[in-house]
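**Student:** Provided below are the primary sequence and the corresponding predicted coordinates.
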Amino acid sequence: MGVALSFAGVHIGDTGLINSGILALRGSLTVFDKARDPVYWRKAKHFLGRALVFLGGIEEEEINFLDQAVIALRESLVETPRLEAPREWQNTMVDLGWALQKLGERESDINRLREAKGTFEEVLVDLTSKVSPIDWCSATSGLGSTLRVLGELQNDTELLRQSITQFERSFDVISVTSNQLRWAVTHLEIGKVYGVMSELEFDDEYADRCRGECNKALEAFSGQAPVKIQNDVDNVLARLDRAEAC
């Protein structure tokens, strides 16, 4: 029940379902014994961690969700054999990378971000676009996001260029027709990186590229873009305008 509720909630973005799933998963973990049923136990921990990552990513005041997610996912990984259950291990690693990335970005914690970077790089050794295009895109995007924040915090344009390279790799397996939302989000993320580079190097070319990528994100939709995409684009462009005005 908890796995189904949390999975459905994450899939459709329903925080009510996610919270119900979290309660059910925590309840089941008090009943099921890790020694007797290790597979269910580790999967319950994984789905608990995934649900907490999602909530922690959208509810900024709930930073403790992300801390709890890291703990749950690491506990799951201890019981997940990399060679015997490779896809399960890869999925859990990707979720752990995102938990660390979100936590590091929220707290400007370079050590957490370095952990996220290492996690994504490790899973991408085994996880290829042929194994699972969507999971591979999630991992490469997570690495791109991590490099962007690290580059911004450390004023390191080389890390920012590496970030763009990671995001652009996604276009090998997605297009505006095959995955409209992910295609738009990827262009938006590239736009964010160019915006940071424009601030660091005072370069109008990077500012133009930032605006161009934001426009591509909006143009992915024939009508009005989703509210979150539109708001994120507005925030990126507003930051760019403020930087240029200084």
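**Tutor:** All right, it came through fine.

**Student:** quick one: buried residues of stretch 91-99?
**Tutor:** The neighbour-count check on stretch 91-99 (16 or more other Cβ atoms under 10 Å) flags 91-99 as buried. Every residue, glycine included, has its C-beta placed from N, CA and C.

**Student:** Check whether the spatially most distant residue from the centre of the chain sits in a helix, strand or coil.
**Tutor:** Taking Cα atoms, centre = their mean as the measure, the residue most remote from the mean C-alpha position of the chain is Arg36, 33.1 Å away. Look at Arg36: counting by DSSP: H, G, I helix; E, B strand; the rest coil, its state is coil.

**Student:** Run through the protein and note the low-pLDDT ranges.
**Tutor:** Within the chain, the stretches with pLDDT under 70 are 1-16, 57-63.

**Student:** Please enumerate the helices of it.
**Tutor:** Remark: helices assigned in the chain by DSSP state H are 2-12, 15-29, 38-58, 63-78, 86-107, 110-126, 133-153, 157-169, 180-201, 204-219, 227-245.

**Student:** now the angle between helix 63-78 and the second one, please.
**Tutor:** Relative orientation of helix 15-29 versus helix 63-78 (axes from the mean of the first three to the mean of the last three Cα atoms, to 10 degrees): 50 degrees.

**Student:** Check which helices and strands helix 15-29 is in contact with.
**Tutor:** Contacts defined by 3 or more Cβ pairs under 8 Å, 6 or more residues apart in numbering; DSSP states H and E place helix 15-29 against helix 2-12, helix 38-58.

**Student:** try the last one
**Tutor:** Contacting helix 227-245 under the criterion 3+ Cβ pairs under 8 Å, 6+ apart are the following elements: helix 180-201, helix 204-219.

**Student:** Which strands or helices does the last one pack on?
**Tutor:** Which is helix 204-219. Counting contacts by 3+ Cβ pairs under 8 Å, 6+ apart, helix 204-219 packs against helix 180-201, helix 227-245.

**Student:** Pick the most deeply packed of these.
**Tutor:** Stretch with highest mean neighbour count among the helices and strands packed on helix 204-219: helix 180-201 (a mean of 22; mean count of other Cβ atoms under 10 Å).

**Student:** Run the chain-centre distance for that helix.
**Tutor:** The chain centroid and the centroid of helix 180-201 are separated by 14 Å under Cα atoms, centre = their mean, to the nearest Å.

**Student:** Stretch 229-246 too?
**Tutor:** Relative to its parent chain, stretch 229-246 has a centroid offset of 21 Å by Cα atoms, centre = their mean.

**Student:** what's in contact with that stretch?
**Tutor:** Outside stretch 229-246, the residues that touch it by Cβ atoms under 8 Å, 6 or more residues apart in numbering are 181, 184-185, 188, 191-192, 195, 198-199, 207, 210-211, 214, 217-218, 221, 224-225.
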